[in-house]
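Student: model the structure of this input:
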Amino acid sequence: MIGDFGDDTLLGMQAQEDVSVAMSEWCGVRKCDFIVSSADNFYNDGVTSVNDPRFNTSWRWVYDKPNIDSLTWYMSLGNHDYGVVDDRELYQVEFGTLEPRWYLPWLWYDFQKTTSDGATVHFIIVDAMSIRIPKYDWEAELEWYNKTLSESTADWKIVVEHYPPYTVGGYAPGSMVHRQTLVPGAEAFGVDLFVNGHDHNLQHIAKRTSPDVDYIITGGGGRRLYNLNPEGNSTLSSQGFDTKYFGFHYGFVMLDINTERIIADFVDRTGDLRYSFTRQKTS
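Tutor: Take a look at the predicted model:
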């Protein structure tokens, strides 16, 4: 899982390249199945057509390393993917009809995978911007979101959307809009992981009491990093949350899932494991 990566500045491209190499090395050992984007795929303002060369320079030619060069990317969209005066975000949807590794059938969608030992994992990809602006019938999206979660019988449920409802970084203490619209369903319907980008760092935040959701931020793909916000950290702590990990690092988060647990490894641009936690299946 990687986000906030599509930066074509000199420093951004070097960070992207380093993270790509680290992903290649880890996937060479761990045999990755696919990649999930937590959005902001193209800074600053998305792409200008389905033939925009940045599909090559900021994506295809960067993540072309062994062990990841044939993996499917399950995409989501963020604020920097959207157009200010047009609908350029739809070019990324259209690109998915031309490039099979770029999976984005619509702005919001879901998919399921089955682990080698038979566990079912349900990914729910939410379009954060539709809710925030709002746009593209956000009420219908929320209805779909809650219905999909409530009807899911998967062993594990993972929500992915760009804006973190809880963060202790540059956007602390988090997006109130997404906290009010998406968190209630996540808590009511047994979501295990709630994954975001937007804050350019790596984080793990968890509530001290039930309902139990692990919040992951994977926004270290290449854009300029954001540091810890002590005031935001204190605010979330007073609201009953613990910052389990904050990493001022470029990198990604790798998930290893079976019937009994999820292991989340937080890896930096040099390939070093910075943090890991395990979520056990309780029922």
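Student: now the helix or strand where His178 lies: buried residues?
Tutor: Using DSSP states H and E, His178 sits within helix 176-181. For helix 176-181, burial by neighbour count (16 or more other C-beta atoms under 10 Å) applies to His178, Thr181. (Glycine included, C-beta is placed from N, CA and C.)
Student: same thing with stretch 75-88?
Tutor: For stretch 75-88, a neighbour-count test (16+ other C-beta under 10 Å) marks Met75, Ser76, Leu77, Gly78, Asn79, His80, Asp81, Tyr82, Arg88 as buried.
Student: tell me the pLDDT at Ala172?
Tutor: Looking at Ala172, its pLDDT is 98.
Student: for it, which non-adjacent residue is closest in space?
Tutor: Among residues not flanking Ala172 along the chain, Gly232 sits closest, at 2.2 Å (C-beta to C-beta, 6 or more residues apart in numbering).
Student: also Ala15?
Tutor: Nearest non-adjacent residue to Ala15, counting by C-beta to C-beta, 6+ apart: Gly222, 4.2 Å away.
Student: now the one you found: how far from Asp18?
Tutor: Here Gly222 is placed at a distance of 9 Å from Asp18 (C-beta to C-beta, to the nearest Å).
Student: please apply the same query to Ile205.
Tutor: 25 Å.
Student: compare those two (neighbour count), which wins?
Tutor: Taking other C-beta atoms under 10 Å, Ile205 and Asp18 do not tie; Ile205 has more neighbours (26 against 17).
Student: any idea how far Lys113 is from that one?
Tutor: 25 Å.
Student: equivalent analysis for Ala140, please.
Tutor: Distance of Ala140 to Lys113, given as C-beta to C-beta: 26 Å.
Student: follow-up on the earlier one: need the CA coordinates for the helix holding His178. CSV is fine.
Tutor: This file holds the C-alpha atoms of helix 176-181, laid out as CSV (Å, rounded to 0.1, in the frame of the first residue of the first chain):
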residue,chain,number,x,y,z
MET,A,176,-14.0,15.9,10.2
VAL,A,177,-16.0,15.4,7.1
HIS,A,178,-14.7,11.9,6.6
ARG,A,179,-14.8,11.2,10.3
GLN,A,180,-18.5,12.0,10.3
THR,A,181,-19.4,10.2,7.1
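Student: after that helix comes which helix or strand?
Tutor: Using DSSP H and E, the helix or strand that follows helix 176-181 in sequence is helix 183-188.
Student: contacts for that next one, please.
Tutor: Outside helix 183-188, the residues within contact range by C-beta atoms under 8 Å, 6 or more residues apart in numbering are Tyr145, Asn146, Leu149, Ser150, Val159, Pro165, Val191, Phe194, Pro211, Val213.
Student: hmm, try it at 7 Å
Tutor: Residues outside helix 183-188 that contact it (C-beta atoms under 7 Å, 6 or more residues apart in numbering) are Tyr145, Asn146, Leu149, Val159, Pro165, Phe194, Pro211, Val213.
Student: nearest to Phe34, of the residues you listed?
Tutor: Nearest to Phe34 out of the contacts of helix 183-188 is Val159 (C-beta to C-beta; 16.7 Å).
Student: ok, back up a step: comparing Ala140 and Lys113, which residue is more hemmed in?
Tutor: For the pair Ala140 and Lys113, the greater number of neighbours falls to Lys113 (16 against 11), based on other C-beta under 10 Å.
Student: tell me which stretches of this structure form helices.
Tutor: Along the chain, counting by DSSP state H, helices occupy 10-30, 54-55, 89-95, 128-132, 138-151, 176-181, 183-188, 230-238.
Student: most neighbours per residue, which of those helices?
Tutor: helix 128-132 (a mean of 24; mean count of other C-beta atoms under 10 Å).
Student: contacts for it next, please.
Tutor: Helix 128-132 has contacts (C-beta under 7 Å, 6+ apart) with 77-79, 82, 107, 135-136, 138, 141, 161-163, 177-178, 181.
Student: per-residue pLDDT, the closest residue to Gly221 other than its chain neighbours?
Tutor: If you skip the residues right next to it in sequence, Gly221 has Phe5 as its closest partner in space, 2.7 Å away by C-beta to C-beta, 6+ apart. If you check Phe5, the pLDDT there is 97.
Student: where exactly do the strands run in the stretch 101-250 of the chain?
Tutor: Assigned strands in the stretch 101-250 of the chain, in chain order: 102-103, 109-114, 120-125, 156-160, 193-196, 202-207, 214-218, 241-247 (criterion: DSSP state E, counting those that start in this stretch).
Student: brilliant, that's me finished.
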